[in-house]
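# no FASTA, just this:
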């Protein structure tokens, strides 16, 4: 059970990292939407 739990945690962490990367890429493409984009998405 412990290993399974860690696996889920890792998967969630990777998803968060991917979200951050996507947000950064999106921000670079549309700098003027950078601050507003966070509020709209979250």
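Alright, I've got the coordinates. This structure is a prediction, so every number in the text was calculated from the model and none was measured.
# give me the buried positions along the helix or strand hosting residue 9.
Assigned by DSSP states H and E, residue 9 falls within helix 2-29. Within helix 2-29, no residue is scored as buried using 16 or more other C-beta atoms under 10 Å. Every residue, glycine included, has its C-beta placed from N, CA and C.
# show me what it packs onto, helices and strands only.
Other helices and strands packing on helix 2-29, by 3 or more C-beta pairs under 8 Å, 6 or more residues apart in numbering; DSSP states H and E, are helix 34-41.
# what bits of this protein have low per-residue confidence?
1-2, 29-42 (pLDDT under 70).
# ok, 80 please
Counting by pLDDT under 80, the chain shows low-confidence ranges at 1-8, 25-42.
# any idea how far residue 6 is from residue 12?
Per C-beta to C-beta, to the nearest Å, residue 12 is found 11 Å from residue 6.
# what of residue 15?
Distance of residue 15 to residue 6, computed by C-beta to C-beta: 15 Å.
# repeat that for residue 26.
Computed with C-beta to C-beta, the distance linking residue 26 and residue 6 is 30 Å.
# and residue 22, by the same measure?
From residue 22 to residue 6 the distance is 24 Å (C-beta to C-beta).
# check residue 14 too.
Counting by C-beta to C-beta, the gap from residue 14 to residue 6 is 13 Å.
# cool, and residue 23?
Note on residue 23: its distance to residue 6, by C-beta to C-beta, is 26 Å.
# with residue 17 instead?
16 Å.
# got it, and residue 24?
In terms of C-beta to C-beta, residue 24 sits 27 Å off from residue 6.
# what's the answer for residue 20, then?
From residue 20 to residue 6 the distance is 21 Å (C-beta to C-beta).
# many thanks, have a good one.
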